[in-house]
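Trainee: after the sequence you'll find the predicted model.
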Amino acid sequence: MVSNEQRRRQLAREKYLRQQQRRETARHKQRRRYVVIASTLAVVLAAGGVVTAVSALSGGDGDKKSDKASEPTMPTPTPTPTTKAPDPCAKGAKEAGDKKPKTMSWKKEPELTVDKSASYAMKLQTTCGDMTITMDAAKAPHTVNSFNFLAGKRYFDHTKCHRLTNQGIFVLQCGDPMGTGMGDPGYTIPDENLKDASIKGNTYPAGTVAMANQYDPQTKKGKDSGGSQFFLVYKDSQLPPYYTPFGTLDKESMQVLKKIADGGAAAPDPQTGNTAPNATVLINKATVGTS
């Protein structure tokens, strides 16, 4: 016969086992909850990185009052700190006193004067080496015409390439004399060549040069908002076909671009959000001519 003391000990042991089971079940649920939260956060952060990367191509061309409102509010991943490599580029050439690109502005797009049957090339003499962009006037006449006009006005001379992206998409962005991502020439040009075979499958291949703009796919506002900012793709990048592809880089130019990309990008600027290239990329001079 079981004594009262033995019965008490048995009940205590059963109670202890039940408590342990409940605790283990609770710990399991808690672990599962943390995993779900972590996975969801990882997805949100990854999505935020893609949104931020794509929004990097939304140059300051257009209505500046709407820029802040259209900025993504999703969290963005903090870049992993890396040891900064030596700057592979030289110092910029001395700027001429009569050149003030920050104050250059025009009320309307320049008259279309380029020959659509001709082949044009824009040469960028940069502190990191020369890059040549072969431009397709037949497929993007307004864009090529605008670059021909702006280069002739020395609009790009002594300006820096202000943004390098190495997460989600892989591009170097230039063409803003202010160096903030907000600069423009005062006018806008229409989107062109968005159905080009080269960007089939929503991929802008390495070597592509395309326009930045203010298009917002959520509101479908901001079409035909290109100005002066453009980006050079150094690695195949998944992008929706919203950005006018107007040129390509040759092999030698790609080597210069890769040198810039290999230098990495700085942490986001707290004021502009730009991730500037670690390399000092300055356009000493830009010229356009037929080739």
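Mentor: Noted; the coordinates are in hand. Keep in mind that what you see is a predicted model, and the values were worked out from it rather than measured.
Trainee: name the residues that touch stretch 255-266?
Mentor: 79, 82, 84-85, 87-89, 126, 128-131, 161, 164-166, 170, 172, 232, 234-235, 249, 275-279, 281 (C-beta atoms under 8 Å, 6 or more residues apart in numbering). Heads up, the C-betas are built off the backbone N, CA and C, glycines and all.
Trainee: filter the residues you listed down to just the ones in helices.
Mentor: In helices, defined here by DSSP state H, there are no members of those.
Trainee: how about Thr287, secondary structure?
Mentor: Three-state assignment for Thr287 (DSSP: H, G, I helix; E, B strand; the rest coil): strand.
Trainee: got the contact list for it?
Mentor: Neighbouring residues of Thr287 by C-beta under 8 Å, 6+ apart: 122-123, 125, 151.
Trainee: try it again with 10 Å
Mentor: By C-beta atoms under 10 Å, 6 or more residues apart in numbering, the contact set of Thr287 is 121-125, 148, 151-152, 154, 156-157.
Trainee: that one and Leu150: what is the separation?
Mentor: 11 Å (C-beta to C-beta, to the nearest Å).
Trainee: re earlier: just the buried ones from the contacts of Thr287?
Mentor: 122-125, 148, 151, 154, 156-157 (16 or more other C-beta atoms under 10 Å).
Trainee: follow-up on the earlier one: joint contacts of Thr287 and Leu150?
Mentor: What both Thr287 and Leu150 touch, as defined by C-beta under 10 Å, 6+ apart, is the set 122, 156.
Trainee: break down the protein into its helices, ranges please.
Mentor: Going by DSSP H, the chain shows helices at 4-55, 141-152, 251-262.
Trainee: and the second one, what does it pack onto?
Mentor: Packed against helix 141-152, as judged by 3 or more C-beta pairs under 10 Å, 6 or more residues apart in numbering; DSSP states H and E, are the following elements: strand 119-126, strand 129-136, strand 208-211, strand 245-249, strand 282-290.
Trainee: report the angle between it and strand 245-249.
Mentor: Going by axes from the mean of the first three to the mean of the last three C-alpha atoms, to 10 degrees, helix 141-152 is angled at 60 degrees with respect to strand 245-249.
Trainee: and the pLDDT for the nearest residue to Leu164 once chain neighbours are set aside?
Mentor: Distance criterion C-beta to C-beta, 6 or more residues apart in numbering; nearest residue to Leu164, sequence neighbours excluded, is Pro277 at 3.8 Å. The model reports Pro277 with a pLDDT of 95.
Trainee: next one: Gly92
Mentor: Reading off the model, Gly92 has pLDDT 74.
Trainee: count the residues that sit near it.
Mentor: Residues within reach of Gly92, counting by other C-beta atoms under 10 Å, total 16.
Trainee: tell me how far it lies from Ser119.
Mentor: 30 Å.
Trainee: likewise for Thr290?
Mentor: For Thr290 relative to Ser119 (C-beta to C-beta), the value is 6 Å.
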